[in-house]
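Q: One predicted model, sequence on top.
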Amino acid sequence: MSLQLVVIKATNLPNAEKFGESDPYVSIEFQGIKKKTEVIKSNLNPVWNETFDIDLKGNGLTASDELQVRVMDWERVGRNRLLAQCKVPLRNLLRGGTQSESLNLSLTDGNGRPTQAKLEMKVMYKPPATAAPASGAMGATGASPTEETQGQAPHIQIHFKNGNFFF
């Protein structure tokens, strides 16, 4: 039911400053939800180690979902400038159950050209309890096993009332 993002660090960020070094932060957007790290002053190899939780409000991920990641240069005056960016497809997290992936992302510039910059992050997906694993593997009851029922034999409760059976 949640997507957890850990922004670890960036390396080899381009310098957008004429004097000194850029003041980078990471901005992540997913389905209109925006998260942002703290600004690291004067550093082209910043370390954030910041964790963000995105509540999926009971909805599961789809194969087309992706994160839009931008590394920005914070400016005291004027607009913040794009240093590097990438899109992160989330389809690898749809293998069923809780999934986690460590990423070492190659970043591009604002025109989509490759840069030397890299961003290290980790993504963890906890699907809603009602979501079936993407592999389609289901137990005999038609529901995916939970932690409480893992390893137990499947069972169905049948009730009889007023001459009728119901489940």
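A: Perfect, thanks for sending it. Numbering: from 1, shown residues only.

Q: Can you pull the phi/psi pair for residue 108?
A: Main-chain torsions, residue 108, degrees, to the nearest 10: phi -110, psi 170.

Q: wait, what's in contact with it?
A: By CB atoms under 8 Å, 6 or more residues apart in numbering, the contact set of residue 108 is 84-86, 114-115. Just so you know, the C-beta spots here come from the backbone N, C-alpha and C atoms, and that holds for glycine as well.

Q: In CSV, list those along with neighbour count and secondary structure.
A: Shown next, in CSV, are the contacts of residue 108 (neighbours: other CB atoms under 10 Å; DSSP: H, G, I helix; E, B strand; the rest coil):
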residue, neighbour count, secondary structure
84, 27, strand
85, 20, strand
86, 20, strand
114, 10, strand
115, 17, strand
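
Q: Send me the helix or strand where residue 121 lies as CSV with only the CA atoms.
A: Taking DSSP states H and E as the criterion, residue 121 maps to strand 114-126. Taking Å, rounded to 0.1, in the frame of the first residue of the first chain, the C-alpha atoms of strand 114-126 are listed here in CSV:
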residue,chain,number,x,y,z
PRO,A,114,23.9,11.5,-21.1
THR,A,115,26.0,13.1,-18.4
GLN,A,116,28.6,11.6,-16.1
ALA,A,117,26.2,12.1,-13.1
LYS,A,118,24.8,9.2,-11.2
LEU,A,119,22.1,8.9,-8.6
GLU,A,120,21.9,6.1,-6.1
MET,A,121,18.5,5.3,-4.6
LYS,A,122,16.4,2.5,-3.2
VAL,A,123,12.8,1.8,-4.0
MET,A,124,10.5,-0.5,-1.9
TYR,A,125,6.9,-1.4,-2.9
LYS,A,126,4.4,-2.8,-0.5
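
Q: most centrally placed residue in the chain?
A: Compute the mean C-alpha point of the chain, and by CA atoms, centre = their mean the closest residue is residue 123, 4.4 Å away.
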